[in-house]
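*Asks:* Sequence and predicted structure below; questions after.
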Amino acid sequence: MIKIYTDGSSRGNPGPGGWGSIIAGGNVGEEVVVEIGGEEAHTTNNRMELTAAIKAVEFASENFPPDSPMEIYTDSEYVMKGITLWIHSWQKKGWKTSGKKAVLNKDLWQELLIVTEEKEITWKHVTGHSGHGLNERCDEIATSFADGLEVILYNGDKSSYQFL
């Protein structure tokens, strides 16, 4: 099982943004944790939340066995409801909302559909800023990138990872 935590941040909304993800998985006794993240000069919080999920699934797909099930934890209700409740309706309606408006961030929703296609993924919501160590670390990564700060990302053995 690959466990993924994601978060996005934007300063100004729109404004400078960042995203962060933590991917944990591997074989028993050989489990690793990898932090990834990035920034965009002008974006929104929702775009960064979606980007974090996309980049994490891409990373997991490239670095772990392709049939590995995934659990993705997000503090974004937008991402959670979008991918589990709304997306198929948007597709059927030609990427329109129930109010007949164009779906915002359609490009990223379509990308998320592509990277999650034929994968066993369970989506879980975690309350943001509630003291959950992995969610707090994702927030720290995302906000640091949004603020243009240097971020030291972990890549190593799970037993040495301080946020578990």
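*Replies:* Thanks, I have it. Numbering: from 1, shown residues only.
*Asks:* next SSE after the helix ranked longest in the chain?
*Replies:* In terms of residue count, the longest helix belonging to the chain (DSSP state H) is helix 45-63. Downstream of helix 45-63, the next assigned helix or strand under DSSP states H and E is strand 70-74.
*Asks:* chain center to that next one, what's the gap?
*Replies:* 8 Å (CA atoms, centre = their mean, to the nearest Å).
*Asks:* Please apply the same query to stretch 8-28.
*Replies:* That offset, for stretch 8-28, works out to 6 Å (CA atoms, centre = their mean).
*Asks:* that older thread, in the longest helix of the chain, what's buried?
*Replies:* In terms of neighbour count (16 or more other CB atoms under 10 Å), helix 45-63 has its buried residues at 45-57, 59-61. In this view, the C-beta of every residue, glycine as well, is placed from N, C-alpha and C.
*Asks:* Give the other helices and strands that that helix contacts.
*Replies:* strand 2-10, strand 15-25, strand 32-43, strand 70-74, helix 77-81, helix 106-116, helix 133-146 (3 or more CB pairs under 8 Å, 6 or more residues apart in numbering; DSSP states H and E).
*Asks:* Quick check: which of the ones you listed is nearest to residue 122?
*Replies:* Of all these, strand 70-74 sits nearest to residue 122, with 4.9 Å by CB to CB.
*Asks:* Which strand residues bridge residue 122?
*Replies:* Going by DSSP bridges, residue 122 is paired in beta bridges with residue 71.
*Asks:* where does this structure dip in pLDDT?
*Replies:* 28 (pLDDT under 70).
*Asks:* In it, which residue is most central in space?
*Replies:* residue 53 (2.5 Å; CA atoms, centre = their mean).
*Asks:* Apart from its neighbours in sequence, what residue is nearest that residue?
*Replies:* Once flanking residues are discounted, residue 53 sits nearest to residue 6: 5.0 Å by CB to CB, 6 or more residues apart in numbering.
*Asks:* cool, residue 120 as well?
*Replies:* For residue 120, the closest residue by CB to CB, 6+ apart turns out to be residue 69, at 4.1 Å.
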